[in-house]
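1. Have a look; sequence and predicted model below, questions after that.
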There are 2 protein chains.
Amino acid sequence: MKTTGEIIREKREKKGLLLRHVSAQLDIDTAILSKIERGERKATREQITKLADILELDKESLLIQYLSEKILYEIQDEDLGIQALKVAEKTIKYGVTKNK
Amino acid sequence: MKTTGEIIREKREKKGLLLRHVSAQLDIDTAILSKIERGERKATREQITKLADILELDKESLLIQYLSEKILYEIQDEDLGIQALKVAEKTIKYGVTKNK
DNA sequence: TTTACATTTGACAATTATTGTCAAGTTAAT
DNA sequence: ATTAACTTGACAATAATTGTCAAATGTAAA
């Protein structure tokens, strides 16, 4: 499966846009967008939705990919990561969030 | 399923330990431990393993619960959270982490 | 080949989030 | 009423994230 960065870079290039075009719209330096595309930095959630707009990418799929990477980042090099994921899934399916 | 905080509080009380006893061993103020137990603050990973030692709790289960709460925190009030979880799970099962 | 432009890199600054202290406020049992 | 345990909230310290900038590197056309 393609990473968020790969999805963004591929679509940007397909549209013939330069880093400076897109980063200007995001109001950040080209350096950051470069890093985001190469997976060296994470985007913010806001940047992801803006990118979906700018590049005409499906917002939901992009967000799902982005969020899944955030999750994986949390459990990187945790032996118990998979088990934690399963518990999280059960919890969310069961009763959503616990309210006082 | 019990939250990390509930597990900790219940076991601490079962052992007859006061907040100040345990928080001293963790080298933090009682206020923080109080908040951790009530779910108002997240513990650090290190605090979790220390708490497992101090309270003689199973380290793995406590960590799994703790990590799953961190994951759920990341996707709280995200409509696409469940889907992101599933993608994360597939990814982790597939090839672990991507190496250049 | 050098000029021109796009991208990358890395040091560092700004900003934001997390983790902590402290002191005053509750609660509950005498 | 006193005392001890716990809670609360304002704020300080620390750490992580997000950003800028300038120099370095790649790339291709003239």
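-> Received it, and whenever you're ready, just let me know what you need. Please read all numbers here as calculations on a predicted model, not as lab measurements.
2. Next to DNA strand D, which bits of chain A? Give me the list.
-> Contact residues, chain A versus DNA strand D (C-beta under 7 Å from any atom of the strand): A:27, A:28, A:29, A:31, A:32, A:41, A:42, A:44, A:47. To be clear about C-beta, it is placed using only N, CA and C from the backbone, and glycine gets the same treatment.
3. show me which of those residues neighbour DNA strand C.
-> residue A:31.
4. all helices of chain A, in order?
-> Ranges of helices within chain A are A:4-14, A:19-26, A:30-37, A:45-55, A:59-74, A:81-95, based on DSSP state H.
5. Make JSON lines from those and add mean pLDDT, mean neighbour count and distance to chain B to it.
-> Compiled in JSON lines, those are given as follows (pLDDT from 0 to 100; neighbours: other C-beta atoms under 10 Å in any protein chain shown; distance: least, C-beta to the nearest C-beta, whole Å):
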{"stretch": "helix A:4-14", "mean pLDDT": "98", "mean neighbour count": "18", "distance to chain B": "10"}
{"stretch": "helix A:19-26", "mean pLDDT": "98", "mean neighbour count": "16", "distance to chain B": "21"}
{"stretch": "helix A:30-37", "mean pLDDT": "98", "mean neighbour count": "18", "distance to chain B": "14"}
{"stretch": "helix A:45-55", "mean pLDDT": "98", "mean neighbour count": "17", "distance to chain B": "9"}
{"stretch": "helix A:59-74", "mean pLDDT": "98", "mean neighbour count": "20", "distance to chain B": "4"}
{"stretch": "helix A:81-95", "mean pLDDT": "93", "mean neighbour count": "18", "distance to chain B": "4"}
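6. okay, these in JSON lines with distance to residue B:91 next?
-> As requested, the helices of chain A are arranged in JSON lines below (distance: least, C-beta to C-beta, whole Å):
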{"stretch": "helix A:4-14", "distance to residue B:91": "12"}
{"stretch": "helix A:19-26", "distance to residue B:91": "26"}
{"stretch": "helix A:30-37", "distance to residue B:91": "19"}
{"stretch": "helix A:45-55", "distance to residue B:91": "17"}
{"stretch": "helix A:59-74", "distance to residue B:91": "6"}
{"stretch": "helix A:81-95", "distance to residue B:91": "10"}
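7. Understood, closing this out.
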